[in-house]
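K.L.:
pasting a predicted model and its sequence here:
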Amino acid sequence: MLITINKQDAHASELMGADTVKLCEMQGFPPRLENERQSRVEANIWGFKAEFAIARLFDLEPPTINVLSDGGIDLWFGDTSIDVKFSNNEYGDLVFDTEKKFKADIAVAVGKVGGNTLRVNGYVDKAFFVENSEPHNYGHGPRLRMNAKQLKPIERLWYCLMTKKFKG
């Protein structure tokens, strides 16, 4: 599913991305970056764009800046926590550093298309991820990954969340 966020959400993403890096610098620690092809600010901007896309898709409260950590949770649908995982590849893998880093109830994988357009590749819960992920080294040490083709369709998540919301 392709989602193009509006100019207001794109602008907010740009501000939040830059602010997050500045807050890290003001606290005296360098922001994490393991990608020489983009700045940490740009990486944060795209992460926020992905969060806005999922927030708008499910009519959720938009993302906010977290000074220390988001605790592995980006958005909430009622009592269901969501971690939005962004990839610079349109059909990128869903990646967690470790099983322990998967803290939300579900993870949604979003890939970069370009401009303000993103592709929602699907979702999984932690049990499914742990069972179906595999170790992979992207050049920064071993991580766990799932290919986008292995993910559950985002439409199924919508159905599950609406069923839970309306108890039907």
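P.N.:
Structure's in. What do you need? Source: prediction; values computed, not measured.
K.L.:
the nearest residue to Thr80 once chain neighbours are set aside and Leu151, how far apart?
P.N.:
Leaving aside its chain neighbours, Thr80 sits nearest to Asp105 (5.0 Å; criterion: C-beta to C-beta, 6 or more residues apart in numbering). Yep, even glycine has a C-beta here, placed from its N, CA and C like the rest. Distance, Asp105 to Leu151, using C-beta to C-beta, to the nearest Å: 15 Å.
K.L.:
so those two - more neighbours on which side?
P.N.:
Per other C-beta atoms under 10 Å, whichever of Asp105 and Leu151 has more neighbours is Leu151, with 24 against 15.
K.L.:
quick check: closest non-adjacent residue to the more buried one.
P.N.:
Leaving aside its sequence neighbours, Leu151 sits nearest to Gly122 (C-beta to C-beta, 6+ apart; 2.8 Å).
K.L.:
which residues touch Val113?
P.N.:
Counting by C-beta atoms under 8 Å, 6 or more residues apart in numbering, Val113 makes contact with Leu2, Glu90, Arg119.
K.L.:
who are the packing partners of the helix or strand of the chain with the lowest mean pLDDT?
P.N.:
In the chain, no helix or strand scores lower on mean pLDDT, DSSP states H and E than helix 7-26, which sits at a mean of 89. If you count contacts as 3 or more C-beta pairs under 8 Å, 6 or more residues apart in numbering; DSSP states H and E, helix 7-26 packs onto helix 40-57.
K.L.:
right, and the helix or strand after the helix it packs on?
P.N.:
Next in sequence after helix 40-57, counting helices and strands by DSSP states H and E, comes strand 75-77.
K.L.:
emit the PyMOL select command for whichever of the contacts of Val113 are buried.
P.N.:
To isolate the buried members of those in PyMOL, using 16 or more other C-beta atoms under 10 Å:
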select buried, resi 90+119
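K.L.:
quick check, nearest of the contacts of Val113 to Pro135?
P.N.:
Nearest to Pro135, judged by C-beta to C-beta, of those is Glu90 at 23.5 Å.
K.L.:
just checking, that closest one touches Ala109?
P.N.:
No. Look at Glu90 against Ala109 with C-beta atoms under 8 Å: they stay out of range, at 10.9 Å.
K.L.:
how far off centre is the least confident helix or strand of the chain?
P.N.:
16 Å (C-alpha atoms, centre = their mean, to the nearest Å).
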